[in-house]
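1. Requesting a structural model of the entry that follows:
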Amino acid sequence: MRPVCAGRLCAHRLPRPLAALGLLLALAGCGEAPIPRELAEVQAVAEPLLRANRIQTTPLRFGLELGDAAPYWAEKAGLCKASQQDREAGDACANWAHQSPAEATSPAQRQIRRLSYLFGSAQARSYPHGLITFDRSFFLVHDGDRPALRCVIAHELSHVLRRHSYLASLAANGTYKDLPEQARQRALAQLSQQQELAADRGAMLMTAIAGHDPKACVQQLLSSAQLDADYAPEDPLGSHPGQARRLQEAQRYLNGPLQRDLAAWRQRQGRRQAAGELKPQWSWDPEHQVLRVQTSPAAAR
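-> Predicted structure coming up:
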């Protein structure tokens, strides 16, 4: 008998006496795990952003993570397994931050998932191979706030498209390799902070290109600082600029250079031979719990 699936329900064409059993199996969800609500929201926001900006790149992937609060709660629960070296370095529980919420199956894991959701720092991250992840708690503190989600997606896309991880590695192992250690760390921190400011500008430009108000990205930076109660002075060796500097630089960009960059982008698009509208191709990978989008030229009509 061939299964007939619709959404998350999956049942067989059964003889009448077994119909009730088939219905129970269908309601139990014998099909593939559905896309999480949070990632469905990511797709709805990212789709027009990718189209408007004509972003063509290798496949991008979006996923959910437990986030930075999970290692703390996992350690409290005694669930960390690591080498002595990891324990001495304080990294015994670090892998918990990157676990998918869907992997929480035992009562202890579900409790860690719940606590991480309630008390997480609502961060997003990008990786060089095109993976962008969100702490699940992001969707608690920014529930229904599509402008904030749009700005964060655009920020992380800017990191990926500008190859920031690669350039940082190139600097660490090339340009700054022979500097004294303290000077090397300071130079790398400065580069990282410059990349964060560039991603802030990229997010505002992408948002404006898509026809949305880029002021929302300044508001998102302010809201994140307020929600995380984070307005600490800038750390010269930190990976991110202080919130005051980020807000100041974002406002400066909004007040002038953004319009220049927007006009230049439109001029470039006008000179290009239009190849048709970009049509991103989305797919859900339930095994690895990632939402995949193909935006290479092969996906264009």
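2. Could you point out which residue ranges in the chain have low pLDDT?
-> The chain contains residues with pLDDT under 70 at 1-32, 82-91, 228-232, 271-276, 296-301.
3. hey, which helix is longest across it?
-> Counting residues, the longest helix found in the chain (DSSP state H) is helix 181-209.
4. by contact count, what packs against the helix or strand just after that one?
-> Later in the chain than helix 181-209, the nearest helix or strand by DSSP states H and E is helix 215-227. Other elements packing on helix 215-227 under the criterion 3 or more C-beta pairs under 8 Å, 6 or more residues apart in numbering; DSSP states H and E are helix 146-161, helix 181-209, helix 243-254. C-beta: built from backbone N, CA, C; applies to glycine.
5. Need those in a markdown table (columns: distance to residue 76).
-> Formatted as a markdown table, the helices and strands packed on helix 215-227 follow (distance: least, C-beta to C-beta, whole Å):
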| stretch | distance to residue 76 |
| --- | --- |
| helix 146-161 | 29 |
| helix 181-209 | 31 |
| helix 243-254 | 29 |
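6. Tell me which of these sits most buried.
-> Ranked by mean neighbour count, these are led by helix 146-161 with a mean of 22 (mean count of other C-beta atoms under 10 Å).
7. what's in contact with that helix?
-> The contact list for helix 146-161 (C-beta atoms under 8 Å, 6 or more residues apart in numbering) reads 41-42, 45-46, 49, 55, 57, 60, 124-128, 130, 132, 134, 138, 142, 165, 195, 198-204, 206-207, 210, 212-213, 216-217, 219-220, 223.
8. Only whichever of those are buried, select them in ChimeraX.
-> Filtering the contacts of helix 146-161 down to the buried ones (16 or more other C-beta atoms under 10 Å) takes a single ChimeraX command:
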select :41,42,45,46,49,55,60,124,125,126,130,132,134,138,142,195,198,199,200,201,202,203,204,206,207,210,212,216,217,219,220,223
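9. returning to that earlier point: among the helices and strands packed on helix 215-227, which is nearest residue 270?
-> helix 181-209 (13.3 Å; C-beta to C-beta).
10. Remind me which helix or strand residue 68 belongs to.
-> Counting by DSSP H and E, residue 68 is found in no helix or strand.
11. does it really touch residue 119, like I thought?
-> No. Judged on C-beta atoms under 8 Å, residue 68 makes no contact with residue 119 at a distance of 10.0 Å.
12. Would you mind telling me which of those two has the busier surroundings?
-> Legend: neighbour count by other C-beta atoms under 10 Å for residue 68 and residue 119, higher for residue 68 (20 against 15).
13. Could you check how far the more buried one is from residue 137?
-> Residue 68 sits at a distance of 9 Å from residue 137 (criterion: C-beta to C-beta, to the nearest Å).
14. between these two, what contacts are shared?
-> Joint contacts of residue 68 and residue 137 (C-beta under 8 Å, 6+ apart) are 120-121.
15. Please report phi then psi for residue 283.
-> Per-residue torsions, residue 283: phi -150, psi 150 (degrees, to the nearest 10).
16. what's the neighbour count on residue 105?
-> Residue 105: 9 neighbours (other C-beta under 10 Å).
17. and what of the one 10 residues further on?
-> When counting by other C-beta under 10 Å, one arrives at 19 neighbours for residue 115.
18. That one should be in a helix, yeah?
-> Yes. Under DSSP: H, G, I helix; E, B strand; the rest coil, residue 115 falls within a helix.
19. Now it: closest residue in space that isn't a chain neighbour?
-> Of all residues not flanking residue 115 in the chain, residue 73 sits nearest, at 4.7 Å (C-beta to C-beta, 6 or more residues apart in numbering).
20. Next, the contact list for that neighbour, please.
-> When contacts are counted by C-beta under 8 Å, 6+ apart, residue 73 touches 96, 111-112, 115-116.
21. most surrounded residue in those residues?
-> Neighbour max across the contacts of residue 73 (other C-beta under 10 Å) = residue 116, 28 neighbours.
22. hang on, that one packs against residue 137?
-> Yes. Between residue 116 and residue 137 there is a contact under C-beta under 8 Å: 6.6 Å.
23. Check whether residue 101 really touches residue 70, as I assumed.
-> No. Using C-beta under 8 Å as the test, residue 101 is too far from residue 70 to be in contact (9.5 Å).
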